[in-house]
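Peer 1: I would like to see how this sequence folds:
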Amino acid sequence: MHRLSLLRASCAIAALSPALPLFAQTSTPSGPQAYHDDRADIVVTAIIPRRQGDILSGTSVISGEQLTRELRPTIGETLARQPGVSATSFGPNASRPVLRGFQGERVRILTDGIGSFDVSNTSVDHAVAINPLTADRIEVLRGPSALLYGSSAIGGVVNVIDSRIPRRVPDEPVHIDGIATYGSAADERTVAGELEVPVAAGLVAHFDGSYTKTDDLRTGGYILAAPLRRIAAASDDEEIREDGRQRGKLPNTAAETWEVAGGFAYIGDRGNLGISVSHSENRYGVPSRFDVTDADDHDHGHDHDEEGHDHEEGHGHEDVTLNMRQTRADLRGEVAVNGGFLDSIRLRAGWATYQHQEIEPTGEVGTTFRNQSMESRLEFVQSRRGGWDGATGVQYFTRRFSADGEEKFLPKNETEQLGVFTLQSVDLGDTRLEAGARFEKSWLRSDPDADLFITGQRRSFDAFSASAGASQQIVPGWRLGLNVARTERAPSAEELFARGNHAGTQAFELGDPSFGLEKSWGVEGSLRGEGPGYSLSLSAYHNWFKGFIYDALADDSACMAANGGKPLEFPCYQYAQSDARYLGFEAEASVKLGRIGGYAVNLDGMADYVRATITGSGPAVRIPPLRLLGGVELQDDRLSWRAEVEHSFAQRRIAETETPTDGFTLVNASVSFKPFKDNSRTAISLSANNIFDVEARRHASVLKDFAPLAGRDIRVTARLSI
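Peer 2: Numbering: from 1, shown residues only. You can find the predicted model right below:
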């Protein structure tokens with residue numbers, strides 16, 4: 001048994017043992033019931049449910065009609081229009097959120113407060129094993145308070161909240177929710193449904209399932225970016241010149257996904273306890289990278305344009321298909337204590353086994369990735385005493401990862417983490433104070449691997465993070481806030497132990513097992529205000545890193561030595577540590593302009609920007625540029641119309657290994673109709689996205705020069721709730 005297994009078991013027993021006999025008592029529960037609140041401004045990811053304006057960091061909550069309008073097959077594309085959020089956009093099937101310029105290991109993606117249990121953090125071509133179709137709402141928490149979910153969450157947390165473990169007893173004998181969507185850009189056909197049945201007093205059963213099938217994505221404009229088209233046009237090979245002229249459909253991007261789940265919960269007056277089990281499968285194509293260099297010009301897989309920027313090329317990575325499977329079990333429980341100091345105790349736990357195979361065009365399995373993970377959280381929520389409330393808890397996480405096959409770039413490894421955290425808040429009326437802290441112990445171990453010339457390594461880290469903040473009401477409805485955070489993050493297994501050719505990133509990745517903690521100071525200021533018919537939210541932040549871990553293009557000799565002297569298939573990228581700075585802002589505003597006939601007319605806008613610099617290296621890679629989005633909406637009780645314009649500026653501030661990214665403007669429009677006067681959750685919507693069919697590329701995508709975003713996409717969605 002692992003060193004923490006007994007601790008894990010004892011935490012679960014300690015939480016459940018006192019809870020069971022209390023379910024029959026009568027009182028008002030304080031925790032999970034709040035999670036089912038339909039008001040969009042309540043944020044439950046902050047441990048203590050808060051209104052958005054009360055949180056000292058940037059937050060976004062997406063639910064209801066907005067979630068239906070933004071819903072896409074991946075969590076990255078679903079959230080890509082939120083402030084401070086971009087997406088990795090590795091084609092239409094593997095797109096992970098990018099928060100404040102951070103991605104991968106520095107962004108935690110959760111389902112109901114527990115990790116996604118996949119390998120999406122190891123490579124941008126690995127999809128997140130969370131289906132947005134299951135979401136009742138999605139919350140994005142940026143800034144210091146996100147660290148309560150792990151020291152790696154310096155960029156932020158995305159929490160997908162579903163109802164697989166029921167939170168309430170339905171009023172109906174059978175409650176049914178369903179959604180069906182057709183999207184023209186990828187010939188997307190989606191259907192999903194769920195039902196909840198009260199089977200006995202307080203006992204509720206839940207079942208859901210979904211199916212999505214898409215063809216190759218149709219894009220707006222050329223497949224290859226302008227720098228690559230110029231190289232292709234100058235080639236003596238007609239086939240390469242033809243590749244440079246390709247437009248329209250993005251090859252090898254079709255997908256088929258299905259998922260089933262079942263759960264039940266006992267919901268009593270003093271608490272609840274429930275479980276769920278789910279299984280999902282996702283088979284999707286990885287966009288091809290056209291080789292636009294002549295055979296004699298190859299230099300370990302990278303070529304340079306006239307400005308000296310790197311270009312990647314295929315090296316047999318074309319037409320690879322990923323076949324992903326995950327089986328997952330979840331547990332959630334809460335008991336109301338209603339004591340003088342302690343209000344409630346919450347337990348959340350999950351376990352999953354994950355596997356995906358990377359299948360070559362011949363049908364042969366090239367590489368198999370396996371991951372087995374478990375995570376649990378035990379939270380003690382304090383009673384509100386005067387203006388003081390808070391929560392304290394313990395979190396345990398374990399992960400066992402392996403990769404076998406020709407593209408193995410990591411040895412078998414295991415990660416264990418134990419974290420203890422607290423959040424305390426004092427409301428003094430016009431002044432609010434908040435402080436949080438987290439201590440995290442991490443153990444990382446890699447097995448010996450003769451193929452990767454690794455003898456095996458063991459590392460352990462002690463990381464401590466803390467934040468303190470205050471907000472002050474300056475006039476009624478307006479608050480000014482300031483938050484200061486000191487954070488420490490342990491290196492990931494990928495950053496420590498990577499040593500091999502990684503086709504997903506087109507690099508030979510070389511980790512460094514001697515890395516120390518990544519440390520940073522952060523300051524964030526906020527201004528929020530609201531009044532009759534308007535709201536405004538501004539956040540500005542600055543992070544100073546010491547020992548920031550990043551991958552940098554290195555001399556081939558270092559990677560060849562690590563590779564046993566064998567030639568490299570891809571350029572050599574070596575993880576390094578240096579000082580770094582990230583700074584940026586996010587802004588949101590909305591105003592009710594008046595009424596036209598029976599419609600309320602609302603105007604809203606959003607802007608975000610991030611600038612990142614690594615000392616001694618220059619600009620950090622894949623940093624999103626300045627972006628503006630504005631929309632106008634006409635609403636009545638049953639019909640709403642919306643038009644919006646999103647402009648992403650060109651990104652010319654780039655690392656030496658990048659190409660510039662041109663700016664683009666997307667114009668979108670939608671209409672939503674609620675056919676039943678007394679049923680606001682049943683609706684039919686029609687939307688047109690990228691109406692003018694422009695060629696658009698996200699700078700945050702490692703594949704942006706080979707895979708543009710969707711072209712014109714007409715979407716029809718029907719949502720049913722009875």
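Peer 1: show me what residue 261 bridges to in the sheet.
Peer 2: Using DSSP bridges, the beta-bridge partners of residue 261 come out as residue 208, residue 278.
Peer 1: can you pull out the strands in the stretch 1-150 of the chain?
Peer 2: In order along the chain, the stretch 1-150 of the chain carries the following strands (DSSP state E, counting those that start in this stretch): 42-43, 50-51, 59-63, 85-87, 97-99, 107-111, 114-115, 137-141.
Peer 1: rank these by pLDDT, which is bottom?
Peer 2: Lowest mean pLDDT within the strands of the stretch 1-150 of the chain: strand 50-51, at a mean of 75.
Peer 1: which other residues reach that one?
Peer 2: 41-43 (Cβ atoms under 8 Å, 6 or more residues apart in numbering). In this view, the C-beta of every residue, glycine as well, is placed from N, C-alpha and C.
Peer 1: out of the strands of the stretch 1-150 of the chain, which is the most enclosed?
Peer 2: Mean neighbour count, computed with mean count of other Cβ atoms under 10 Å, is highest for strand 97-99 among the strands of the stretch 1-150 of the chain, reaching a mean of 29.
Peer 1: rewinding a little: out of the strands of the stretch 1-150 of the chain, nearest to residue 670?
Peer 2: The closest of these to residue 670 is strand 59-63. By Cβ to Cβ, the value is 14.7 Å.
Peer 1: any idea how far that closest one is from the middle of the chain?
Peer 2: 13 Å (Cα atoms, centre = their mean, to the nearest Å).
Peer 1: angle of it against strand 137-141?
Peer 2: Using axes from the mean of the first three to the mean of the last three Cα atoms, to 10 degrees, one finds that strand 59-63 and strand 137-141 are set 170 degrees apart in direction.
Peer 1: in its sheet, what does strand 59-63 sit against?
Peer 2: When DSSP bridges is applied, strand 59-63 pairs with strand 137-141 (antiparallel).
Peer 1: using PDB, write out every CA atom in the strand it pairs with.
Peer 2: Written as PDB, here are the backbone C-alpha positions of strand 137-141 (Å, rounded to 0.1, in the frame of the first residue of the first chain):
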ATOM      1  CA  ARG A 137     -22.800  25.300 -16.000                       C
ATOM      2  CA  ILE A 138     -19.100  26.000 -16.400                       C
ATOM      3  CA  GLU A 139     -17.100  28.300 -14.100                       C
ATOM      4  CA  VAL A 140     -13.700  29.800 -14.900                       C
ATOM      5  CA  LEU A 141     -11.800  31.000 -11.900                       C
END
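Peer 1: any chance you could map the strands in the stretch 351-500 of the chain?
Peer 2: Along the stretch 351-500 of the chain, counting by DSSP E, counting those that start in this stretch, strands occupy 365-382, 388-405, 413-427, 431-446, 457-475, 478-489, 499-502.
Peer 1: how about those strands in TSV, adding distance to residue 565, mean neighbour count and mean pLDDT?
Peer 2: As requested, the strands of the stretch 351-500 of the chain are arranged in TSV below (distance: least, Cβ to Cβ, whole Å; neighbours: other Cβ atoms under 10 Å; pLDDT from 0 to 100):
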stretch	distance to residue 565	mean neighbour count	mean pLDDT
strand 365-382	23	20	95
strand 388-405	22	19	95
strand 413-427	24	19	95
strand 431-446	21	20	95
strand 457-475	21	17	95
strand 478-489	34	20	94
strand 499-502	14	23	87
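Peer 1: would a markdown table of those with distance to residue 572 be doable?
Peer 2: What follows is these, written out as a markdown table (distance: least, Cβ to Cβ, whole Å):
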| stretch | distance to residue 572 |
| --- | --- |
| strand 365-382 | 20 |
| strand 388-405 | 19 |
| strand 413-427 | 21 |
| strand 431-446 | 20 |
| strand 457-475 | 20 |
| strand 478-489 | 25 |
| strand 499-502 | 10 |
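Peer 1: with respect to residue 224, which of those strands lies nearest?
Peer 2: Distances from residue 224 to each of these were compared by Cβ to Cβ, and the smallest falls on strand 499-502, at 22.3 Å.
Peer 1: what does the closest one rub up against?
Peer 2: Counting by Cβ under 8 Å, 6+ apart, 123, 407-411, 452-454, 507-511, 562-563, 568-570 sit against strand 499-502.
Peer 1: at 6 Å instead, please
Peer 2: 408-409, 452, 508-510, 562, 569-570 (Cβ atoms under 6 Å, 6 or more residues apart in numbering).
Peer 1: filter those residues down to the buried ones.
Peer 2: Among those, those classed as buried by neighbour count (16 or more other Cβ atoms under 10 Å) are 408-409, 452, 508-510, 562, 569-570.
Peer 1: nearest to residue 359 among these?
Peer 2: Using Cβ to Cβ, the shortest approach to residue 359 within those belongs to residue 408, at 15.4 Å.
Peer 1: pLDDT score for that closest one?
Peer 2: With respect to pLDDT, residue 408 scores 89.
Peer 1: beta-bridge partners for the closest residue to residue 436 other than its chain neighbours, please?
Peer 2: Using Cβ to Cβ, 6 or more residues apart in numbering and skipping residues adjacent in sequence, the residue nearest residue 436 is residue 423, 4.3 Å away. Residue 423 has the following beta-bridge partners by DSSP bridges: residue 391, residue 436.
Peer 1: do you know how far residue 423 is from residue 643?
Peer 2: Here the criterion is Cβ to Cβ, to the nearest Å. By it, residue 423 lies 40 Å from residue 643.
Peer 1: and if you look at residue 714?
Peer 2: Residue 714 sits 15 Å away from residue 643 when distances are taken as Cβ to Cβ.
Peer 1: returning to what we had before: of all the strands of the stretch 351-500 of the chain, which one is nearest residue 154?
Peer 2: Each of those has some distance to residue 154 by Cβ to Cβ; the shortest is strand 478-489, at 5.8 Å.
Peer 1: tilt between that closest one and strand 457-475?
Peer 2: Going by the same axes, to 10 degrees, strand 478-489 makes 170 degrees with strand 457-475.
Peer 1: neighbours of the residue lying closest to residue 457 once chain neighbours are set aside, how many?
Peer 2: Of all residues not flanking residue 457 in the chain, residue 513 sits nearest, at 4.5 Å (Cβ to Cβ, 6+ apart). Applying other Cβ atoms under 10 Å, we find 17 other residues in the vicinity of residue 513.
Peer 1: surely residue 513 is in a strand?
Peer 2: No. When DSSP: H, G, I helix; E, B strand; the rest coil is applied, residue 513 is found to be coil, with no strand at that position.
Peer 1: now it: how far from residue 184?
Peer 2: Separation of residue 513 from residue 184 (Cβ to Cβ) stands at 49 Å.
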